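K.L.:
need a 3D model of the following:
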Amino acid sequence: MRRRVAAGSGRRHDRGPLDALKRLLVRESQVQPVLLVCENLHWIDTETQAFLESLVDSLPTVRLLLLVNYRPEYHHPWGSKTYYVQLRLDPLPPTSTDELLQALLGDDPSLVPLTPLLMARIEGNPFFLEESVRTLVETGVLAGTPGAYRLGQPIQGLPVPATVQAVLAARIDRLPPEDKHLLQTAAVIGTEVPFGLLQAIADMAEAALHRSLAHLQAAEFLYETRLFPESEHTFKHALTHEVAYGSLLLERRRVLHARIVEALEALAPDRATEQVERLAHHALRGEVWDKAVTYCQQAGARALDHAAFREAVAAFEQALQALAHLPEDSDIRRLAIDLRLALDGPLTPLGENRRRLVLLGEAEALARALNDQARLGQVLARMGHVLRLTGDLEGAIVAGRQACELTAALGERGLQVEASSRLGQAYHAIGDFGRAAELLRWSVEAGDRESGTPRTGSGPVPGVAGADLERAGGLRRGPTPWGGGAPPRHAGRSRGLTGHCPQQPRLPIPRPGGPGARHPGARPGPGPLSCLRQPERVAIDRGGLGLCLCAPGASSGGACAAGRGDQRRYSHGRAAESFPLGRLAQRGLSSSGTRR
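P.N.:
Residues are numbered from 1 along each chain as shown. Got it, this is the predicted structure:
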């Protein structure tokens with residue numbers, strides 16, 4: 001089996017397809033040996049990079065040969081692998097350079113003085129050699145046909161450019177004005193040049209456009225790569241594109257980028273979502289700031305949907321940069337808050353919590369200045385979540401309470417659910433499972449009412465709040481934390497803490513740290529944690545978890561899970577380690593016959 005995969009081919013796709021591709025390759029290698037070629041890793045996107053890193057880890061156990069190539073500036077993490085071999089592509093040695101020169105020029109005796117001059121300048125770079133020969137042909141130094149050239153004029157004082165970029169720039173400068181203009185315009189579009197888009201911005205008659213394209217193809221600046229459904233060209237080499245783009249004045253580049261945005265919108269209005277990344281790119285470089293904000297925001301959301309988190313971060317950051325160029329008013333400040341909240345999304349799975357706090361702090365200041373209570377409630381709920389993950393549990397509860405108060409006053413049910421869920425997680429992290437269960441239970445039930453699909457039975461509770469509710473211990477349903485009525489009686493509830501979320505007085509917050517840290521409903525006993533009612537019902541986990549499995553007949557019912565091990569892991573963002581402890585709690589609840 002043999003496939004060729006260009007670096008970046010996984011761009012803008014989620015990791016599901018990439019993981020599926022890995023499984024497909026591994027499965028195929030069990031049937032027959034597989035060769036996978038991935039080219040130009042110096043242009044790789046983050047998702048394809050993650051795919052390759054995952055695949056590389058599987059290589060010792062599969063019959064798969066991975067071949068990659070890249071420029072020296074690219075860095076990868078698998079250099080220390082024992083099964084990795086680097087084959088450096090050095091410049092051509094003199095003998096190979098001489099053979100290539102003979103193939104390009106021929107063996108006419110007049111070429112003898114030219115050969116050492118070219119070999120000394122090109123230093124074994126075959127692309128440099130090809131472009132140098134083309135320069136000599138275009139300037140009349142060489143006459144004849146490829147492979148059968150002869151010297152057309154004396155070479156005394158012949159200038160041979162010192163770099164391949166200089167050779168390309170000189171070749172572009174010698175093009176007829178129409179051809180040069182078209183090549184530069186194509187370079188602004190990108191390395192891949194659709195004919196329809198080029199025609200829309202080139203300001204040339206169709207006949208002249210086809211004629212100039214033919215000239216550029218003959219000179220091997222461009223290659224035609226597709227005929228259907230529309231013609232498309234590509235630059236022969238990345239350096240050709242870079243030099244052609246760099247030869248344009250900055251103002252001319254800006255104008256062309258802006259025109260490309262208009263052309264893309266006009267040519268395919270129904271495909272804007274598909275090419276939103278291209279629209280964002282050209283809007284930024286065309287300094288069309290309002291459209292740049294819109295398209296970068298859409299590109300970030302699209303990348304986030306596809307789990308391309310770093311690309312989503314880059315897109316949202318570009319949207320914020322573009323927003324800074326717009327006249328500031330209340331709408332712009334609201335959008336600045338929304339973009340910071342959007343940027344918080346991809347930063348979460350990347351674990352960049354300190355950066356999240358900075359952005360949310362900026363969003364909070366903007367929301368307070370605008371007196372935008374809805375956005376402030378959302379920001380504070382997020383901030384409470386980040387503070388919990390970074391270990392500032394007291395700050396998390398303060399922010400969570402403020403969010404609850406704001407959203408309750410607004411009557412925004414969706415924001416209330418988020419705020420109460422975040423605050424419930426914070427109470428869970430300090431071991432106050434009574435309040436945690438009350439808030440999380442309300443969040444789940446409120447979400448059920450909003451969706452119109454109330455939960456019945458005793459199965460697992462879905463969603464983030466439901467997962468935390470399960471960890472808090474299967475507690476009976478209680479009233480909303482926003483209304484009156486007596487709070488439910490929960491096993492392990494902190495004695496004396498009977499208020500509801502918005503009205504609760506500020507009380508000392510127990511922290512789950514140190515050997516003496518205990519659930520408020522526990523007392524010292526034989527192990528790290530003992531049950532207030534039945535010490536014999538305590539199960540001890542190696543990590544320090546004390547699981548109180550209260551008998552079904554106990555006056556408060558339910559179960560109480562507490563202890564230093566799972567709480568420290570969960571509150572410090574080590575959720576993956578705390579989940580097995582939660583499953584231990586659920587097994588204990590099931591074995592004791594506890595009802596929910």
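
K.L.:
which other helices and strands does the helix or strand where Ala214 lies contact?
P.N.:
When elements are defined using DSSP states H and E, Ala214 is found to belong to helix 206-218. Where contact means 3 or more CB pairs under 8 Å, 6 or more residues apart in numbering; DSSP states H and E, helix 206-218 is packed against helix 177-189, helix 195-201, strand 222-226. Where C-beta positions appear, they are placed from N, C-alpha and C, glycine not excepted.

K.L.:
Throw these into CSV and include distance to Leu376, mean neighbour count and mean pLDDT, thanks.
P.N.:
Listed next are those as CSV, based on distance: least, CB to CB, whole Å; neighbours: other CB atoms under 10 Å; pLDDT from 0 to 100:
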stretch, distance to Leu376, mean neighbour count, mean pLDDT
helix 177-189, 43, 21, 96
helix 195-201, 44, 18, 94
strand 222-226, 52, 15, 91
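
K.L.:
which one of those lies closest to Ile430?
P.N.:
Closest approach to Ile430 among these is made by helix 177-189 (56.8 Å; CB to CB).

K.L.:
now that closest one and strand 222-226, what's the angle there?
P.N.:
Taking axes from the mean of the first three to the mean of the last three CA atoms, to 10 degrees, one finds helix 177-189 and strand 222-226 inclined to each other by 60 degrees.

K.L.:
can you list contacts of helix 177-189?
P.N.:
172-173, 175, 193, 197-198, 201-202, 204, 208-209, 212-213, 215-216, 221-222, 233, 235, 241, 244-245, 247-248, 252-253, 256-257, 260 (CB atoms under 8 Å, 6 or more residues apart in numbering).

K.L.:
show me just the buried residues among the residues you listed.
P.N.:
Among the contacts of helix 177-189, the ones that count as buried by 16 or more other CB atoms under 10 Å are 172, 175, 193, 197-198, 201-202, 204, 209, 212-213, 215-216, 221-222, 233, 235, 241, 244-245, 247-248, 253, 256-257, 260.

K.L.:
residue contacts, the residue positioned nearest the centre of the chain?
P.N.:
Residue closest to the average C-alpha location in the chain (CA atoms, centre = their mean): Phe309, at 1.8 Å. Neighbouring residues of Phe309 by CB under 8 Å, 6+ apart: Thr46, Ala303, Pro346, Leu347, Pro349, Leu350.

K.L.:
Thr348 versus that one, what's the distance?
P.N.:
Look at Phe309 and Thr348: by CB to CB, to the nearest Å, they are 9 Å apart.

K.L.:
low-confidence regions, this protein specifically.
P.N.:
Counting by pLDDT under 70, the chain contains low-confidence ranges at 1-16, 157-160, 450-596.

K.L.:
quick check: domain ranges of it?
P.N.:
Per automatic domain parsing, the structural domains of the chain span 2-68, 94-170, 282-472, 531-592.

K.L.:
distance to Arg88 for these - can I get that in CSV?
P.N.:
Below are these laid out as CSV (distance: least, CB to CB, whole Å):
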stretch, distance to Arg88
domain 2-68, 13
domain 94-170, 13
domain 282-472, 29
domain 531-592, 40
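
K.L.:
how about these, which one is nearest Leu227?
P.N.:
Proximity to Leu227 (CB to CB) singles out domain 2-68 among those, at 20.0 Å.

K.L.:
chain center to that closest one, what's the gap?
P.N.:
On the basis of CA atoms, centre = their mean, to the nearest Å, domain 2-68 sits 19 Å off its chain's mean C-alpha point.

K.L.:
got it, and stretch 56-69?
P.N.:
Offset of stretch 56-69 from its chain centre (CA atoms, centre = their mean): 25 Å.

K.L.:
quick one: contacts of it?
P.N.:
For stretch 56-69, using CB under 8 Å, 6+ apart, the contacting residues are 7, 22, 25-26, 29-30, 32-41, 52, 55, 78, 81, 83-84, 89.

K.L.:
just the strands from this protein, written as ranges.
P.N.:
For the chain, the strands defined by DSSP state E occupy 2-6, 34-39, 64-68, 142-145, 148-151, 192-194, 222-226, 232-235, 522-523, 530-531, 538-540, 545-548, 560-563.

K.L.:
burial check on His75, number of neighbours?
P.N.:
Using other CB atoms under 10 Å, His75 has 9 neighbouring residues.

K.L.:
what do you get for Pro109?
P.N.:
As a burial measure, Pro109 scores 8 neighbours (other CB under 10 Å).

K.L.:
so Glu220 touches Arg134, yeah?
P.N.:
Yes: between Glu220 and Arg134 there is a contact at 7.4 Å, judged by CB atoms under 8 Å.

K.L.:
and these two? Which one has more around it.
P.N.:
Per other CB under 10 Å, whichever of Glu220 and Arg134 has more neighbours is Arg134, with 19 against 14.

K.L.:
is the more buried one in contact with Phe221, as I believe?
P.N.:
No: if you go by CB under 8 Å, Arg134 and Phe221 don't touch, sitting 9.9 Å apart.

K.L.:
quick check: Ser54 vs Met204, distance?
P.N.:
Ser54 sits 47 Å away from Met204, going by CB to CB.

K.L.:
and of the domains of the chain, who's closest to Gln275?
P.N.:
With CB to CB, the closest approach to Gln275 among the domains of the chain belongs to domain 282-472: 9.5 Å.

K.L.:
now find how far off-centre stretch 154-171 is within its chain.
P.N.:
Counting by CA atoms, centre = their mean, stretch 154-171 comes out at 43 Å from the chain centroid.

K.L.:
check stretch 277-296 too.
P.N.:
Relative to the centre of its chain, stretch 277-296 is centred 19 Å away, using CA atoms, centre = their mean.

K.L.:
which residues sit against it?
P.N.:
Against stretch 277-296 from outside (CB under 8 Å, 6+ apart): 12, 190, 253-261, 264-265, 272, 276, 298-299, 302, 315-316, 318-319, 322-323, 325-326, 335, 339.

K.L.:
let's see 7 Å
P.N.:
Applying CB atoms under 7 Å, 6 or more residues apart in numbering, the external contacts of stretch 277-296 come out as 12, 253-254, 257-258, 260-261, 264, 272, 276, 299, 315, 318-319, 322-323, 325-326.

K.L.:
filter these down to just the buried residues.
P.N.:
Judged by 16+ other CB under 10 Å, buried ones among the contacts of stretch 277-296: 12, 253-254, 257-258, 260-261, 264, 276, 299, 315, 318-319, 322-323.

K.L.:
widest-spaced pair of the residues you listed?
P.N.:
With CB to CB as the measure, no two of the buried ones among the contacts of stretch 277-296 lie farther apart than Arg12 and Arg254, at 25.9 Å.

K.L.:
ok so, going back, what separation is there between the residue nearest to the centre of the chain and Leu347?
P.N.:
For Phe309 relative to Leu347 (CB to CB), the value is 8 Å.

K.L.:
re earlier: okay, the helices and strands packed on helix 206-218 in CSV with distance to Ala419 next?
P.N.:
Below are those laid out as CSV (distance: least, CB to CB, whole Å):
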stretch, distance to Ala419
helix 177-189, 47
helix 195-201, 47
strand 222-226, 52
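
K.L.:
nearest to Ala429, out of these?
P.N.:
The nearest among these, by CB to CB, is helix 177-189 at 52.2 Å.

K.L.:
relative to helix 206-218, how tilted is the closest one?
P.N.:
Here the directions of helix 177-189 and helix 206-218 differ by 80 degrees (the same axes, to 10 degrees).

K.L.:
next, count neighbours for the closest residue to Glu242 other than its chain neighbours.
P.N.:
Spatial nearest neighbour of Glu242, excluding adjacent residues (CB to CB, 6 or more residues apart in numbering): Gln165 at 7.8 Å. Neighbour count for Gln165, taken as other CB under 10 Å: 16.

K.L.:
quick one: Gln165 and Val243 touch, right?
P.N.:
Yes: using CB atoms under 7 Å, Gln165 is in contact with Val243, at 5.5 Å.

K.L.:
which residues are contacting stretch 212-227?
P.N.:
The contact list for stretch 212-227 (CB under 7 Å, 6+ apart) reads Glu178, Asp179, Leu182, Leu183, Ala186, Ser231, Glu232, His233, Thr234, Phe235, Lys236, Thr240.
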